[in-house]
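>>> Output the structure for:
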Amino acid sequence: MFSTPESFVSMKRIEIVIHEERLDDLIQLFHEAEVYGYTLIKKAGGFGSTGERDQDDFILEQYNAVLVLVCDKNQADKLLAVLQPKIKDFGGMCLISDCQRISVL
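Model prediction:
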């Protein structure tokens, strides 16, 4: 059975990739913005503006962390207000998109 449009809630999806060593600083910003729900993926690898982060390198352990959260627009605005001035210092990036969450009945 396919859900009806009434069973969806419009939300914002925020994906943040930062240097893992700055994770505690980011979590502190989440607390300032009163964000308490997120998914964290540690030891993520990749290649971007700060170079390569290889999750399989055991000699030079430099990893990324990926945080994913879903919230309403007001909460997203609050988080982005404290995050935007810091994201470059965290060595990362932030992606924001509209999404639909299935309503809990």
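>>> okay but Ala44 is in contact with Ala65, surely?
Yes: between Ala44 and Ala65 there is a contact under C-beta atoms under 8 Å: 6.4 Å. Bear in mind the C-beta positions are built from the backbone N, C-alpha and C, glycine included.
>>> shared neighbours, these two?
The overlap between the contact sets of Ala44 and Ala65 (C-beta atoms under 8 Å, 6 or more residues apart in numbering) consists of Val17, Glu20.
>>> who has more neighbours, those two?
Of the pair Ala44 and Ala65, Ala65 is the one with more neighbours under other C-beta atoms under 10 Å, namely 22 against 15.
>>> Nearest residue to that one in space, please, no chain neighbours.
Closest residue in space to Ala65, ignoring its immediate chain neighbours: Glu20 at 4.4 Å, by C-beta to C-beta, 6 or more residues apart in numbering.
>>> what sits against the one you found?
Contacts for Glu20 (C-beta under 8 Å, 6+ apart) come out as Lys42, Lys43, Ala44, Gln62, Tyr63, Asn64, Ala65.
>>> Keep only those of those residues that are in strands.
Among the contacts of Glu20, the residues falling in strands (DSSP state E) are Lys42, Lys43, Ala44, Asn64, Ala65.
>>> which of the residues you listed has the weakest pLDDT?
Ranked by pLDDT, those bottom out at Ala44, which has 75.
>>> What sits closest to that residue if chain neighbours are left out?
Spatial nearest neighbour of Ala44, chain neighbours left out: Asn64 (4.3 Å); criterion: C-beta to C-beta, 6+ apart.
>>> likewise His19?
Gly91 (4.0 Å).
>>> count of neighbours near the one you found?
With other C-beta under 10 Å as criterion, Gly91 counts 19.
>>> can you confirm it is in a strand?
No: assessed with DSSP: H, G, I helix; E, B strand; the rest coil, Gly91 is coil; it does not lie in a strand.
>>> these two touch, right, it and Leu23?
No: counting by C-beta under 8 Å, Gly91 stays clear of Leu23, with 11.2 Å between them.
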